[in-house]
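**Student:** Sequence first, then the predicted structure:
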Amino acid sequence: MTGSHWKDLFRAWSVLPRPVAVPPEAIAAIKAEVRGVRGPILLLGLTRQLMDTSDDLVAIDRSVEMVLNRAGAVRTVAGDWTALPFAPASFAGCIGDGSLISFAFPDRLRSVLSEVARCLIPGGRFACRVFLRPDPTPGLGDLLSIARSGGMTFQHFKFKFAMAMAAEAGSPNIAVAALPELLAARLPGRDELAAQTGWDLAEIETIDVYRSSDATYCFPTRAELTSLLPRAFTAHRFVPVANHPLGQEWPVLVLDR
């Protein structure tokens, strides 16, 4: 996947009347899990709010353009997360927010987890928020009922919708470019949807950024994700994000090397 997917999405989010941002509750939950880590930390991605997690932090992203645009106090590197350009045991910790979402199940997702394990020292820790698909996965009718009651933002609904479509297809993976047409085919028109849910029409229209995306989103269940964990990780747990409406479903995955 190129960086254009995230670059275009962030640009669309930033100009909304209420710009979309990573929830501070998620950032706090991730940082809490590596607070005691002593040594260099690797950040998967360029999440600005995580760049102050450590004074000894390296951020890696696949997009050379995005890395160059974020040049500053934090060391940034361009590279493939399924073949991390670091020696074994280079880091005491590794963090990310939603970093695993773009790695298809099972092979590419397994590859990035294996690379994280390789690059961590014994006793090192990985902490990353993950977007898990509930088992069983709620259908579209249930999601629309919640949305119409005011119980879900469009940004949350968008991911839950993608999970529902992936579940219908019998796979954790779904092509991002397919989502705008699926949304048009399965939901009311956008004006009607905005009226029924109270969502801002401009926010709904950010789905159009997906049309040219070459990304695949992956939404494994807890069991599916656990089945891929490398043996090098001696312990794992899922830590709910406190004070977040989906904190139980989208927790922080913590892995100890």
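**Tutor:** Noted; the coordinates are in hand.
**Student:** Contacts only, for the residue nearest the centre of the chain.
**Tutor:** In the chain, the C-alpha nearest the mean C-alpha coordinate belongs to Gly98, at 2.0 Å (C-alpha atoms, centre = their mean). For Gly98, the contact set (C-beta atoms under 8 Å, 6 or more residues apart in numbering) comprises 45, 128-131. C-beta: built from backbone N, CA, C; applies to glycine.
**Student:** Could you do Glu224 as well?
**Tutor:** So Glu224 contacts 105-106, 172 (C-beta under 8 Å, 6+ apart).
**Student:** and of the residues you listed, the nearest to Arg257?
**Tutor:** Set against Arg257, the nearest of the contacts of Glu224 by C-beta to C-beta is Pro106 (21.0 Å).
**Student:** quick one: low-confidence ranges for the chain?
**Tutor:** 1-20, 64-73 (pLDDT under 70).
**Student:** For it, which segments are assigned as helices?
**Tutor:** Secondary structure of the chain, counting by DSSP state H: helices at 4-14, 24-33, 64-69, 107-119, 140-148, 154-169, 179-186, 190-197, 201-204, 222-226.
**Student:** out of those, nearest to Phe86?
**Tutor:** helix 107-119 (5.0 Å).
**Student:** which parts of that closest one are buried?
**Tutor:** Neighbour counts over helix 107-119 (16 or more other C-beta atoms under 10 Å) mark 108-119 as buried.
**Student:** Return the member of the contacts of Gly98 nearest to Gly39.
**Tutor:** For those, the nearest to Gly39 is Cys128 (17.7 Å; C-beta to C-beta).
**Student:** Tell me how many other residues surround that closest one.
**Tutor:** Neighbour count of Cys128, defined by other C-beta atoms under 10 Å: 24.
**Student:** Please identify the nearest residue in space to it, excluding sequence neighbours.
**Tutor:** Using C-beta to C-beta, 6 or more residues apart in numbering and skipping residues adjacent in sequence, the residue nearest Cys128 is Gly96, 4.1 Å away.
**Student:** From Glu224, how far off is Thr137?
**Tutor:** Thr137 is 12 Å from Glu224, where distance means C-beta to C-beta, to the nearest Å.
**Student:** that older thread, from memory the residue nearest to Cys128 sits against Gln49, does it?
**Tutor:** No: checked against C-beta atoms under 8 Å, the pair Gly96 and Gln49 is beyond contact range at 11.8 Å.
**Student:** Which one of those two is surrounded by more residues?
**Tutor:** Comparing Gly96 with Gln49 by neighbour count (other C-beta under 10 Å), the higher total belongs to Gly96, at 26 against 16.
**Student:** How about the contacts made by that one?
**Tutor:** By C-beta under 8 Å, 6+ apart, the contact list for Gly96 reads 30, 43-45, 47, 50, 128-129.
**Student:** Save those residues as a markdown table, and put in distance to Tyr217 too.
**Tutor:** Shown next, in a markdown table, are the contacts of Gly96 (distance: C-beta to C-beta, whole Å):
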| residue | distance to Tyr217 |
| --- | --- |
| Ile30 | 20 |
| Leu43 | 21 |
| Leu44 | 16 |
| Gly45 | 15 |
| Thr47 | 17 |
| Leu50 | 21 |
| Cys128 | 15 |
| Arg129 | 14 |
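**Student:** just the residues you listed now: which is nearest Phe154?
**Tutor:** The shortest approach to Phe154 among these belongs to Arg129, at 19.3 Å (C-beta to C-beta).
**Student:** show me what contacts that closest one?
**Tutor:** Contacts of Arg129 (C-beta under 8 Å, 6+ apart): 26, 29-30, 96-98, 241, 250-253.
**Student:** quick check, nearest of those to Phe154?
**Tutor:** Trp250 (15.9 Å).
**Student:** ok, the closest one - how many residues close by?
**Tutor:** Trp250 has 20 nearby residues by other C-beta under 10 Å.
**Student:** so what's it up against?
**Tutor:** Residues near Trp250 by C-beta under 8 Å, 6+ apart: 26, 129-132, 241, 244.
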